[in-house]
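Asker: what shape does this take:
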Amino acid sequence: MSFTAQDVKLLREKTGVGMMDCKKALTEADGDMDKALDILREKGLAAAAKKSGRIAAEGLVYAYVDADKKVGAMTEINSETDFVAKNADFQAFAQKITEIVAQQNPADIESLQDISYDGKITVAEALREKILVIGENLNIRRFARFEGDTVAYVHGGGRIGVLVRFDADDKVSGSDLLQQCGKDVAMQIAALNPSFLSKDTVPADVIKKEKEILISQIKNDPKNAKKPDQIVQKMVEGRMGKYFENNCLLQQPFVKNGDITVEQYVADIAKQSGGSIKVADFVRFEKGEGLQKREDNFADEVAGMIK
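Answerer: The predicted model follows:
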């Protein structure tokens, strides 16, 4: 079975794969379009396996909220280069995956991979096809999902993403005032990166360790050498207040008004609304945090390709 230039163009439109690869697939398939699609998918599997060892620490964080269903989701999807993260096809893929997380509620990344992407292929297969089309290793690294009144904020074109979940009564739930409050709180989290929701949620072992460090710091200062233990303990408690202020969202000074805390700001909004609002949970993703970054020399890479 022969094929035409129009067939090559059609296969490219269906897959996004380069013209030469489409032509090779059609040649191998003797012009059979369905078989050529299978060949490209098989090649995608091989390409994905070959590229999977390459570092993917760029990419973006994408957030999505379905206000009607009161569900929000956020994903981090990595690529090898920042250039790919700006690709419209990559961004559309990130959006689709995030919507799937929101709608399907997978238990983990492995479960997500098995979910249908478009009714024809799974998420795992879609990921392999994107690797073939884009030509870089891609990785769905992590996701978060909240049910309830949820607000999302993404900063810097996907560099940092935040989801915040609120407990709000019927009078406030879904309101514009709650949305504004949520955006302000989410921006606070993006900027100051708190480790905990409030001082009441800091694990006991973390508090114990921090107190041990503070006691050591105080006793190692010659000025405190003769101070009795009860004074040292009071100094520790005072400094723990600063620790909570730095690390706990609700105890942090509100970035838009340093005279009040985030907790006081939320309480003020609740008072304005005539209802009840509480920050219930939050999650913050920063693209590539904790991942090894590529340190390739671009000139050397190009030289290597020429050779």
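Asker: please make it C-alpha for all contacts and neighbour counts, starting now.
Answerer: Noted.
Asker: any idea of the pLDDT on the residue in the chain sticking out farthest from the centre?
Answerer: In the chain, Lys226 marks the outermost C-alpha relative to the chain mean, sitting 49.9 Å out by CA atoms, centre = their mean. On the pLDDT scale, Lys226 is placed at 77.
Asker: measure it to Gln233 for me?
Answerer: Applying CA to CA, to the nearest Å, the value for Lys226 to Gln233 is 14 Å.
Asker: would you list every one of the strands in the protein?
Answerer: Taking DSSP state E as the test, the strands found in the chain are 60-66, 71-78, 139-147, 149-155, 160-168, 253-254, 257-261, 277-286.
Asker: could these go into a markdown table alongside mean neighbour count?
Answerer: Shown next, in a markdown table, are the strands of the chain (neighbours: other CA atoms under 10 Å):
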| stretch | mean neighbour count |
| --- | --- |
| strand 60-66 | 25 |
| strand 71-78 | 27 |
| strand 139-147 | 19 |
| strand 149-155 | 25 |
| strand 160-168 | 24 |
| strand 253-254 | 20 |
| strand 257-261 | 13 |
| strand 277-286 | 19 |
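Asker: contacts only, for Val266.
Answerer: 181, 277-279 (CA atoms under 8 Å, 6 or more residues apart in numbering).
Asker: give me every residue that touches Ser79.
Answerer: With CA under 8 Å, 6+ apart, Ser79 has these contacts: 56-59, 85, 136-139.
Asker: that one and Phe146, how far apart?
Answerer: Distance from Ser79 to Phe146, by CA to CA: 25 Å.
Asker: one more: Phe3?
Answerer: The value you get for Phe3 to Phe146, if CA to CA is used, is 50 Å.
Asker: and for Cys22?
Answerer: For Cys22, the distance to Phe146 - CA to CA - is 41 Å.
Asker: give me the neighbour count for Ala191.
Answerer: 12 (other CA atoms under 10 Å).
Asker: who does the most centrally placed residue in the chain bridge with?
Answerer: Nearest residue to the geometric centre of the chain (CA atoms, centre = their mean): Glu76, 3.5 Å. Legend: beta-bridge partners of Glu76 under DSSP bridges are Val61, Arg142.
Asker: how about the contacts made by it?
Answerer: 59-62, 140-143, 285, 287.
Asker: what's the farthest-apart pair in those residues?
Answerer: Gly59 and Phe143 (13.9 Å; CA to CA).
Asker: run through the residues that contact the residue nearest to Gly157 when sequence neighbours are not counted.
Answerer: Once flanking residues are discounted, Gly157 sits nearest to Leu60: 7.5 Å by CA to CA, 6 or more residues apart in numbering. Neighbouring residues of Leu60 by CA under 8 Å, 6+ apart: 76-78, 85, 157-160, 287.
Asker: so how far is Cys181 from Leu60?
Answerer: 25 Å.
Asker: if we can go back for a sec, in a markdown table, list the strands of the chain along with distance to Lys211 and mean pLDDT.
Answerer: Shown next, in a markdown table, are the strands of the chain (distance: least, CA to CA, whole Å; pLDDT from 0 to 100):
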| stretch | distance to Lys211 | mean pLDDT |
| --- | --- | --- |
| strand 60-66 | 35 | 97 |
| strand 71-78 | 35 | 97 |
| strand 139-147 | 32 | 96 |
| strand 149-155 | 34 | 97 |
| strand 160-168 | 30 | 97 |
| strand 253-254 | 22 | 96 |
| strand 257-261 | 23 | 96 |
| strand 277-286 | 26 | 97 |
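Asker: go through those and name the closest to Asp34.
Answerer: It is, among the strands of the chain and with distance given as CA to CA, strand 139-147, at 27.3 Å.
Asker: what's next to the closest one, contact-wise?
Answerer: 56, 70-79, 98, 101-102, 105, 109, 127, 163, 165, 283.
Asker: output that strand as PDB, nothing but the C-alphas.
Answerer: Only the C-alpha atoms of strand 139-147 are listed here, as PDB (Å, rounded to 0.1, in the frame of the first residue of the first chain):
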ATOM      1  CA  ASN A 139       7.900  13.400  34.400                       C
ATOM      2  CA  ILE A 140       4.700  13.800  36.300                       C
ATOM      3  CA  ARG A 141       6.400  14.300  39.700                       C
ATOM      4  CA  ARG A 142       3.600  15.000  42.200                       C
ATOM      5  CA  PHE A 143       0.100  16.300  42.700                       C
ATOM      6  CA  ALA A 144      -2.200  17.500  45.500                       C
ATOM      7  CA  ARG A 145      -6.000  17.600  45.600                       C
ATOM      8  CA  PHE A 146      -8.500  19.300  48.000                       C
ATOM      9  CA  GLU A 147     -12.200  19.000  48.300                       C
END
